[in-house]
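Asks: Okay, here's the prediction I keep looking at, along with the sequence it came from:
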Amino acid sequence: MSKFWSETVKRCVPYVPGEQLNDANIVKLNTNENPYPPSPKVVEAIKVEAERKLNLYPSPTVDQLRTDIAEYYGLSKDNIFVGNGSDEVLAFSFLAFFEAGKPIRFPAVSYSFYPVYCKLFNISYEEVKLNRDFTLPVEAFFQTDGGVIFPNPNAPTSIYLEIDAIKEIVENNPDQVVIIDEAYIDFASESAVSLINTYNNLLVIQTMSKSRSLAGLRIGFALGNSDLIEGLTRIKDSFNSYTLDRLAIAGAEAAIKDTNYYKSTTREIIHTREWITAEMKKRGFHILPSQANFIFVSHYNKQAEELYAALKDRNVLIRHFNKPGIDNYLRVTIGTNKNMELFLNKLDEILA
Ligand code: PMP
């Protein structure tokens, strides 16, 4: 701790992401990245942009990309905000809609960035315990003082909440903002985006990091009523009017248009998810019903931490959370079939 640190910095508890090991021999199933490369059209668009336009500032309003995303969802560009990964969009949303003294609610088992932002921005919060089966206790999110945020599907549990339940939560918080963090929605049944024309207090946040294979490019976006979007834009312009660089904008425009490509890789991942779930059940794992590109599992007699370490010794990296209530669970990202076969082989070695 330095004497030069402000009270804000002292309050910060930095988020620690999954390990990033750059060893080519590692099978990396720990940070929910997409195992497939992005669409070739994305790579081409980035090349063209890099060759021609890097001497020029990017558009501060990112109109074309916002229009493309809006068209994809049948909305207007005034309903779309874009940022540097959904982590940044989330940070701006916390600043724009949540505050001290009016506690927001999110699940106790959820994306670990939420409490980090609350501490950083001095926002009050209450963590809501999940049901025993890890589903969301819907009514516990009614009538909040400050608003609601949760991922759907939830992370790291992978469980999806039906749209009707989301409607109830939104309707029971008429004067607060309800944020649905849909990082993994393309691997699930239905997005809440269809509700934003009906409810002016609903903000949906999505990312191109997962289903669009663009974690390295950092593109996230929010969809909501134009008043909410204007609030986010005010926050952004107070920091940096150019949050997305030219390469990210060019890549994102190509990605949002190449629907066929991402739908086919998504189908492949869902297929692999169903196959690996069946295989792991045969090996004594309990697996929560996943609608994401990862599974959340525990073994009937092996400790999660031991399995994590034994896999790491064999160059397979998965995620273990040292957190009460989930410390005997493991989160495994769905990789290619080949990677998952290797993962199963290593598991068989360990369980033998
Ligand atoms: N929300 C959730 C629930 C996540 O798991 C992640 C990925 N770690 C993010 C948001 C952030 O994704 P990105 O910043 O890459 O868009």
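Replies: Everything's here; your move.
Asks: Outside of the lowest-mean-pLDDT helix or strand in the chain itself, list whatever touches it.
Replies: Least confident helix or strand of the chain, by mean pLDDT, DSSP states H and E, is helix 7-11 with a mean of 85. Helix 7-11 is contacted by residues 1, 119-120, 122 when judged by C-beta atoms under 8 Å, 6 or more residues apart in numbering. Using the backbone N, CA and C atoms, a C-beta is placed for each residue, glycine as well.
Asks: The stretch 101-250 of the chain: strands as residue ranges?
Replies: 104-107, 125-128, 148-151, 178-181, 202-207, 220-224 (DSSP state E, counting those that start in this stretch).
Asks: Same list (those strands) but as JSON lines, adding distance to residue 64 and mean pLDDT.
Replies: Formatted as JSON lines, these follow (distance: least, C-beta to C-beta, whole Å; pLDDT from 0 to 100):
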{"stretch": "strand 104-107", "distance to residue 64": "33", "mean pLDDT": "98"}
{"stretch": "strand 125-128", "distance to residue 64": "36", "mean pLDDT": "98"}
{"stretch": "strand 148-151", "distance to residue 64": "28", "mean pLDDT": "98"}
{"stretch": "strand 178-181", "distance to residue 64": "25", "mean pLDDT": "98"}
{"stretch": "strand 202-207", "distance to residue 64": "18", "mean pLDDT": "98"}
{"stretch": "strand 220-224", "distance to residue 64": "13", "mean pLDDT": "98"}
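Asks: of all those, which lies closest to residue 234?
Replies: Residue 234 lies closest to strand 220-224 among these, at 13.4 Å (C-beta to C-beta).
Asks: Adjacent strands (with direction) for that closest one?
Replies: strand 80-83 (antiparallel), strand 202-207 (antiparallel) (DSSP bridges).
Asks: With respect to the ligand, which of the ones you listed lies nearest?
Replies: strand 202-207 (3.2 Å; C-beta to the nearest ligand atom).
Asks: what about the closest one and the ligand, any contact?
Replies: Yes: taking C-beta under 6 Å from any ligand atom as the criterion, strand 202-207 and the ligand are in contact, through residue 207.
Asks: same check, this time on stretch 2-15
Replies: No: against the ligand, stretch 2-15 shows no contacts by C-beta under 6 Å from any ligand atom, the least distance being 9.2 Å.
Asks: And stretch 106-116, by the same measure?
Replies: Yes: with C-beta under 6 Å from any ligand atom as the criterion, the ligand is reached by stretch 106-116 at residue 111.
Asks: Please save the CA atoms from that stretch in PDB.
Replies: Included here for stretch 106-116 are C-alpha records, laid out as PDB according to Å, rounded to 0.1, in the frame of the first residue of the first chain:
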ATOM      1  CA  PHE A 106     -26.800 -10.000  -7.700                       C
ATOM      2  CA  PRO A 107     -26.400 -13.800  -7.100                       C
ATOM      3  CA  ALA A 108     -23.700 -14.800  -4.500                       C
ATOM      4  CA  VAL A 109     -22.400 -17.200  -7.100                       C
ATOM      5  CA  SER A 110     -22.000 -15.200 -10.200                       C
ATOM      6  CA  TYR A 111     -19.500 -13.200 -12.300                       C
ATOM      7  CA  SER A 112     -16.800 -12.100  -9.900                       C
ATOM      8  CA  PHE A 113     -16.300  -8.800 -11.500                       C
ATOM      9  CA  TYR A 114     -19.600  -7.400 -10.100                       C
ATOM     10  CA  PRO A 115     -18.300  -7.000  -6.500                       C
ATOM     11  CA  VAL A 116     -15.100  -5.600  -7.800                       C
END
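Asks: Buried by neighbour count: which residues of that stretch qualify?
Replies: Residues of stretch 106-116 classed as buried: 106-107, 109-111, 113-116 (neighbour count, 16 or more other C-beta atoms under 10 Å).
Asks: Perfect, that will be all.
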